[in-house]
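Trainee: I need the structure of the sequence given here:
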Amino acid sequence: MRRFVPALAGLVCAVTAWAAPAAAYEIDPLTRQPLDQPLTVTVRSPAAAAVDPLDAAVPKLSPIPRETVAYSGPYGAGTIVVSTGERRLYYVLGNGQALRYGVGVGRPGFTWGGVQTISMKREWPDWRPPAQMIRRRPDLPRYMKGGPENPLGARAMYLGGSLYRIHG
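Mentor: Numbers count the residues shown, from 1 in each chain. Sure, this is the predicted structure:
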């Protein structure tokens, strides 16, 4: 339960950051397509995909879709809770409901628990790997400008003064 509260707080912050109208962004960060064009998704059988070389161009949907679920926890509307054990992020909507998202969490030994406040939000943030990560992976760049190839993705929410982010 101690991990659920911080996770929920994180989810709430993430949803708040992403709640801006879609028209505010020029491209969809997932498909990298202009937002003025409708997204079409074609579902094909594995046999048809093997024959069609253009299948790689079809945008892929998240393997864990966002869904509205019942929520009876102690947190109020607008709170984000990240459940590292479930690998899920919950954004509490109130009225006994929450939005549940599938998320990636740190590998064993690199996870975090606690309660934090979102201290900063960024669009297309730059990335500087922390010193601990560089010690483990000296091949990493020391700096990456924000953009589609950046590991933080299109948006990032910074959790207090910690090294942890909600991003994607």
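Trainee: Helices along the protein, start to end?
Mentor: In the chain, the helices defined using DSSP state H lie at 4-18, 46-51, 131-136.
Trainee: which stretch in the ones you listed has the least confidence?
Mentor: Among the helices of the chain, helix 46-51 has the lowest mean pLDDT, at a mean of 51.
Trainee: In contact with Pro151, which residues are there?
Mentor: Neighbour list for Pro151: Trp127, Met144, His167 [criterion: C-beta atoms under 8 Å, 6 or more residues apart in numbering]. The way it works is simple: take the backbone N, C-alpha and C, and place the C-beta from them, glycine included.
Trainee: Leu159 versus that one, what's the distance?
Mentor: Computed as C-beta to C-beta, to the nearest Å, the Pro151 to Leu159 distance reads 16 Å.
Trainee: Check Ala70 too.
Mentor: Taking C-beta to C-beta, one finds Ala70 at 26 Å from Leu159.
Trainee: And the pLDDT at the residue nearest to Pro130 when sequence neighbours are not counted?
Mentor: Once flanking residues are discounted, Pro130 sits nearest to Leu163: 5.0 Å by C-beta to C-beta, 6 or more residues apart in numbering. We have a pLDDT of 79 for Leu163.
Trainee: I figured Leu163 hits Pro129, correct?
Mentor: No: Leu163 is beyond contact range of Pro129, at 9.7 Å (criterion: C-beta atoms under 8 Å).
Trainee: Between the two, which has more neighbouring residues?
Mentor: Neighbours per residue, other C-beta atoms under 10 Å: of Leu163 and Pro129, the larger number sits with Pro129, 17 against 14.
Trainee: so how far is Gly114 from the more buried one?
Mentor: 22 Å.
Trainee: pLDDT weak spots in this structure?
Mentor: 1-62 (pLDDT under 70).
Trainee: quick check: domain ranges of it?
Mentor: Domain assignment for the chain by the TED database gives 59-111, 114-167.
Trainee: In the chain, what residue spans correspond to strands?
Mentor: 67-70, 80-83, 88-94, 97-102, 118-123, 155-159, 165-167 (DSSP state E).
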